[in-house]
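[1] Predicted model and sequence follow; I will ask about them next.
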Amino acid sequence: MNDSGSAGGSPDQAQDYLVYLDHAATTPMLPDAIAVMTRELAQLGNPSSLHNAGRRARRVVEESRELIAECYGARPSEVIFTSGGTEADNLAVKGLYWARRDGDRRRSRVLVTAVEHHAVLDPAQWLASHEAAQVGRLPVDRTGLITPDALRAAIEAGPGPEAVALISVMWANNEVGTIQPIAGLAAVAREYQIPFHTDAVQAAGPLPVSFAAAGVDALTLSGHKIGGPVGVGALLLARGAEPVPVLHGGGQERDVRSGTLDAPAIAAFAAAAQIVVKHREEEAARLAALRDSLIQRVLAAVPDAILNGAPPGPGRLPGNAHFSFPGCEGDALLMLLDAKGIACSTGSACTAGVAQPSHVLLAMGADEGRARGSLRFSFGATSTAADVAAVAAVIGEVVDRARRAGRA
Amino acid sequence: MGVAASGWAGRARAANRLVAMARLKVLAAMSGGVDSAVAAARAVDAGHEVTGVHLALSSNPQSYRSGARGCCTLEDARDARRAADVIGIPFYVWDLAERFAADVVADFVAEYARGRTPNPCLRCNEKIKFAAVLDRAVALGFDAVCTGHHARLDAGRLRRSVDTGKDQSYVLAVLTQAQLDRALFPLGDCTKDEVRAEAARRGLAVAAKPDSHDVCFIPDGDTRGFLAARLGRSPGVIVAPDGALVGRHDGSYAFTVGQRKGLALGTPAADGRPRYVLDIQPVTGTVTVGPAEALDVRQITAERAVWTGCPPPSKPRDCLVQYRAHGEPLPAVATQDGDLLRIQLQTTARGVAPGQAAVLYDGDTVLGSATIAAAA
């Protein structure tokens, strides 16, 4: 009755190695970051305290702030530390909306792309439900790209530029890896003097991200996506952009973000950023080679698989490969690969762990079947050619099996 | 792909017999309750390669917030995940909400609309756990589906649990032989108290979690309100057996044959005795009520029979029949008559509701099951 013929020491069993290809979800902490954080955890002091211990902790935070600023083309005073990317996105979207609307009641439009992360989409939607915002979803093409002309058209549409409170466009898409022309988009926003926010969480590791050169008003960073710890991030915030706080309290971080500063996490975040930026070019090239090899071998094993997003090249995150496997359910693929020790992602998870069809793929014009049967492999610092080989060795049979289950 | 007929020497069956312990790839359906958690742990102990799956059956986020009364709340998903962690098995959530809505909830509503009394747990076993889930599991390379039902499988035959108070063979009897051959019920040889004690020993936090009782997709327990919201107001009359008008109602779907409470009759019975629902005519909306003894029947006609404990009987067969969940089995003679199963009871039965299952037993072994169409 066992139609797989895989009794006993079966090929379906979990292997004793782990192929981790979900670096876009989180990537291992860099050893140097762990060392910095461990050392700092043993230290005493609230960075806001005035005594010696406080001054010591404050110095750690400020040195880290300077490092982050240097890594990402900002001034130290433009770095607002947060608890992570989600908080930074919420602060940018809600805080800038409130500030802009307070300045002029007509400003109630929030323009976001349809492929944003939920940390941007959901605050925008919340503003629509509770703060009378009108959310405009900027259309993307089949690769997930928005053009400056499309942004300009959206700004001019309806009640026009005077009614736009802010624009938020992610630097690189977390699911399909498409890189947006951020500087060009920000230039359009600047013409209309509309604040422009970008979620650069995925971009900050493998891409050259410069806050100043991009000309944006707010930019989101996350620690754990670049080899730092979970629970820390930053919003780079241009002087003049004064969001209404989301968190009120002790007035830390220019009064924009209250809460005791987490010196150990901030120090480790800065250490990771420094390393990642220093090795960025050769690491990006290395990841792109792995990624291209994976794409070629997956498409060879599963000829009808579809590579979603921009073609490999300057328009795509070097560590991202995202496929649709027609006739499969993404969660079946994930489970079968997991059983073989391969960790990847269907893209977007939801309440109770129930996979929903990806809003990103749907916005790119995919039908629901293609959106449901998708899988993301994402590479990072610990990835090797052996990881690619492990996926290539099993993807054909895994897809066959998931197809049978999809028809069951 | 359907469940393949796998012959009488199925490995799942061998595992249930606790002989020739084959190592199977087992999908353990984990509701978040204590039974399915212990069942999964026992399957691991038996040497199987077990993967836990929680079935998300509700697409309505509201039900995720209404507490742990059903079997598909967010809290239950978390409890199931924690149990899988403790047992040490992989765990996933499968979204069966669409299938559940179509095959169980819509069927439930449609059956009430026809004046019948469905059993949604039975339908869920038939259409979801041992059909949609089992088919998917087999296609993905699993050999069997394991659940925490209190029932035994003995050489491919379904038997009552040793805990007769918790026995669930009634809601499993609808399964075909092919479905049973792919099923594992590790709890049938112990009582619920023993299951709870074992859960505590194993460090499973769900050891003391209350049993679920209500229909899982009606977390507030208001079946009448649930049906009214879906079927609308459909007024009709309540009459005595002689046709005399004794009351009115807003929808015949709110009634079940044998029901006494909630009739809201304005006119008392002439003899002052309690009255029960005797008959429901959904087309005219007429509900007939009358004295208890008018519910007494000796003959049940049922349809869509499934036989797993014996071949379809070619001649009248002595058996015990149970006609509702947790009901007493009554001695009867069953005769297959074309597509119909005619069951002659040896004593009178009361409150036999069309739509419920008539499950036939030989002692504690299930012979077969059929859906009640009529009783007289």
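    It's in. Residues are numbered from 1 along each chain as shown, chains lettered A, B, ... in the order given.
[2] quick one: is the helix or strand of chain A with the lowest mean pLDDT near chain B?
    Ranked by mean pLDDT, DSSP states H and E, the weakest helix or strand in chain A is helix A:368-372, scoring a mean of 87. No - where contact is defined by Cβ under 8 Å from any Cβ of the partner chain, no part of helix A:368-372 touches chain B; the two come within 9.9 Å at best. The way it works is simple: take the backbone N, C-alpha and C, and place the C-beta from them, glycine included.
[3] could you dump that helix to PDB, C-alpha only?
    Extracted in PDB, the C-alpha atoms of helix A:368-372 (Å, rounded to 0.1, in the frame of the first residue of the first chain):
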ATOM      1  CA  GLU A 368      -4.800  32.300  -7.900                       C
ATOM      2  CA  GLY A 369      -3.400  28.900  -8.800                       C
ATOM      3  CA  ARG A 370      -0.100  30.400  -9.700                       C
ATOM      4  CA  ALA A 371      -0.100  32.500  -6.600                       C
ATOM      5  CA  ARG A 372      -0.900  29.500  -4.400                       C
END
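[4] Contacts for it, please.
    For helix A:368-372, contacts defined as Cβ atoms under 8 Å, 6 or more residues apart in numbering or on different chains pick out A:306, A:324, A:326-327, A:329-330, A:355, A:357-358, A:361-362.
[5] swap in stretch B:322-339?
    B:119, B:121, B:170-171, B:300, B:303-305, B:312-321, B:341-347, B:349, B:351-353, B:356-361, B:367, B:372.
[6] And for stretch A:378-385?
    By Cβ under 8 Å, 6+ apart, stretch A:378-385 touches A:20-25, A:27-28, A:30, A:177, A:205, A:227, A:283, A:287, A:290-291, A:293, A:317-321, A:344-345, A:387.
[7] now, which of the residues you listed lie within helices?
    Within the contacts of stretch A:378-385, residues falling in helices by DSSP state H are A:283, A:287, A:290-291, A:293, A:387.
[8] Out of these, which end up buried?
    Among the ones in helices among the contacts of stretch A:378-385, those classed as buried by 16 or more other Cβ atoms under 10 Å in any protein chain shown are A:283, A:287, A:290-291, A:387.
[9] can you put the residues you listed in TSV and add distance to B:I89 and pLDDT?
    TSV is the format used below for those (distance: Cβ to Cβ, whole Å; pLDDT from 0 to 100):
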residue	distance to B:I89	pLDDT
A:E283	36	98
A:L287	33	98
A:L290	32	98
A:R291	33	98
A:D387	25	97
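[10] Just name the closest of the residues you listed to chain B, please.
    A:D387 (20.1 Å; Cβ to the nearest Cβ).
[11] and the gap between the closest one and A:G205?
    17 Å (Cβ to Cβ, to the nearest Å).
[12] what are the ranges of the helices in chain B?
    Under DSSP H, chain B gives helices at B:11-16, B:34-45, B:61-64, B:74-87, B:97-100, B:106-113, B:120-124, B:133-139, B:169-172, B:177-180, B:192-201, B:223-231.
[13] ok, now the stretch 101-250 of chain A?
    Per DSSP state H, counting those that start in this stretch, the stretch 101-250 of chain A carries helices over the ranges A:118-130, A:148-156, A:182-191, A:211-214.
[14] So for chain B, which of those sits nearest?
    helix A:118-130 (13.9 Å).
[15] Just list what that closest one packs against, helices and strands only.
    Here helix A:118-130 touches helix A:85-90, strand A:109-113, strand A:134-138, strand A:196-199, going by 3 or more Cβ pairs under 8 Å, 6 or more residues apart in numbering or on different chains; DSSP states H and E.
[16] Can you tell me which of the ones you listed is most buried?
    Neighbour counts (mean count of other Cβ atoms under 10 Å in any protein chain shown) averaged over each of the helices and strands packed on helix A:118-130 peak at strand A:196-199, with a mean of 29.
[17] name the helices or strands packed onto that one?
    On a contact count with 3+ Cβ pairs under 8 Å, 6+ apart, strand A:196-199 meets helix A:85-90, helix A:118-130, strand A:164-168, helix A:182-191, strand A:218-222.
[18] tell me which residues in stretch A:164-180 are buried?
    A:164-180.
[19] for it, what is the average pLDDT?
    Averaging pLDDT along stretch A:164-180 yields 97.
[20] Kindly report the same for stretch B:118-127.
    Mean predicted lDDT for stretch B:118-127 stands at 95.
[21] got the CA positions of that stretch in CSV?
    Presented in CSV, the C-alpha positions along stretch B:118-127 are these (Å, rounded to 0.1, in the frame of the first residue of the first chain):
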residue,chain,number,x,y,z
PRO,B,118,-27.7,15.9,10.1
ASN,B,119,-24.7,14.8,12.1
PRO,B,120,-21.8,17.2,11.1
CYS,B,121,-19.1,15.3,12.9
LEU,B,122,-20.0,12.2,10.9
ARG,B,123,-20.0,14.2,7.7
CYS,B,124,-16.6,15.7,8.6
ASN,B,125,-15.1,12.2,9.1
GLU,B,126,-16.6,11.0,5.8
LYS,B,127,-15.8,14.0,3.7
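[22] before we move on, the earlier item: between the helices and strands packed on helix A:118-130, which one is nearest to A:A119?
    helix A:85-90 (4.0 Å; Cβ to Cβ).
[23] Off-centre distance for that closest one?
    11 Å (Cα atoms, centre = their mean, to the nearest Å).
[24] Which residue ranges make up the domains of chain B?
    Following automatic domain parsing, one gets these domains for chain B: B:11-208, B:233-290, B:295-375.
[25] quick one: is the first one near chain A?
    Yes - part of domain B:11-208 sits close enough to chain A to count as contact by Cβ under 8 Å from any Cβ, namely B:11-12, B:22-25, B:49, B:51, B:54, B:56, B:61, B:64, B:74, B:77, B:81, B:90, B:92-95, B:97, B:132, B:135-136, B:138-141, B:143, B:181-182.
[26] which among these end up buried?
    For the residues of domain B:11-208 next to chain A, buried by 16+ other Cβ under 10 Å: B:11-12, B:22, B:24-25, B:49, B:51, B:54, B:56, B:64, B:74, B:77, B:81, B:92-95, B:97, B:132, B:135-136, B:138-141, B:143, B:181-182.
[27] coming back round to it: wait, which of the contacts of helix A:368-372 is closest to chain B?
    Closest approach to chain B among these (Cβ to the nearest Cβ): A:A355, at 6.6 Å.
[28] I figured B:T176 hits B:V366, correct?
    No - assessed by Cβ atoms under 8 Å, B:T176 is found out of contact with B:V366, at 11.9 Å.
[29] so what's in contact with these two at the same time?
    In contact with both B:T176 and B:V366: B:T308, using Cβ under 8 Å, 6+ apart.
[30] more crowded one of those two?
    B:V366 (29 against 16; other Cβ atoms under 10 Å in any protein chain shown).
[31] Once you drop chain neighbours, what's closest to the more buried one?
    Using Cβ to Cβ, 6 or more residues apart in numbering or on different chains and skipping residues adjacent in sequence, the residue nearest B:V366 is B:L158, 4.1 Å away.
[32] list the contacts for that neighbour?
    Applying Cβ under 8 Å, 6+ apart, the residues near B:L158 are B:151-152, B:169, B:172-173, B:175, B:180, B:308-309, B:365-366.
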